[in-house]
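**Q** the sequence and its predicted three-dimensional model are supplied below.
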Amino acid sequence: MLSTARVTQAASFDDAVITVSPIADVSLSLNVTSYAFGPIAVNTSTNSATALTLTNNGQVSITVDKRITSESNPAGWTASATAGRDTYALYVATSTTRLSLTGFTATTKFGAQNNISNLTSTAGSTPILPPSGAGSSVDLWFRLDMPTQLSVSGSKTIAIRFTATSQ
């Protein structure tokens, strides 16, 4: 019987990696762009009666941060962690229902002007908003702790910003 030997040929290969960086639209919208608390007594706290709805209109899941961009228009108030003379504390939290004053926590405070912090729920978690469908919107509820004393009276304006970051 003849023996047949197998001859193995050497194989050669090389791997390649393909990378891509998707460019996705990151977009937020508010159903209403202002909320008026109206007349509030000095040295008291109040919370919003209706929510503003923040919606992810983009193409990717997002988290959201918050900040006060300008305050005291006209001048005279300053944001802080606690209320004091000419100093107020502003909070925002996500919730499906209206919050009581005690429903707001330290993680829901804005802090000083231009201080950036995560938008959080009352449980302290940062919501991830999908690009569409269920969960792409959250209701925002506000609490305002008025200054304990005022040097100057009159209406004040606080401008806030919500910024989306893709996940």
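**A** Received it, and whenever you're ready, just let me know what you need. Residues are numbered from 1 along each chain as shown.
**Q** where exactly do the strands run in this protein?
**A** 28-30, 45-47, 52-56, 62-70, 78-79, 87-94, 117-118, 137-145, 159-166 (DSSP state E).
**Q** contact partners for Ser132?
**A** Asn56 (Cβ atoms under 8 Å, 6 or more residues apart in numbering). C-beta: built from backbone N, CA, C; applies to glycine.
**Q** can you pull the pLDDT of it?
**A** We note a pLDDT of 85 for Ser132 in this prediction.
**Q** mean pLDDT, distance to Pro127 and mean neighbour count added to the strands of the chain, as a markdown table?
**A** Shown next, in a markdown table, are the strands of the chain (pLDDT from 0 to 100; distance: least, Cβ to Cβ, whole Å; neighbours: other Cβ atoms under 10 Å):
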| stretch | mean pLDDT | distance to Pro127 | mean neighbour count |
| --- | --- | --- | --- |
| strand 28-30 | 93 | 13 | 14 |
| strand 45-47 | 97 | 19 | 17 |
| strand 52-56 | 96 | 10 | 19 |
| strand 62-70 | 95 | 7 | 17 |
| strand 78-79 | 92 | 23 | 19 |
| strand 87-94 | 96 | 6 | 22 |
| strand 117-118 | 95 | 9 | 15 |
| strand 137-145 | 96 | 6 | 21 |
| strand 159-166 | 94 | 12 | 15 |
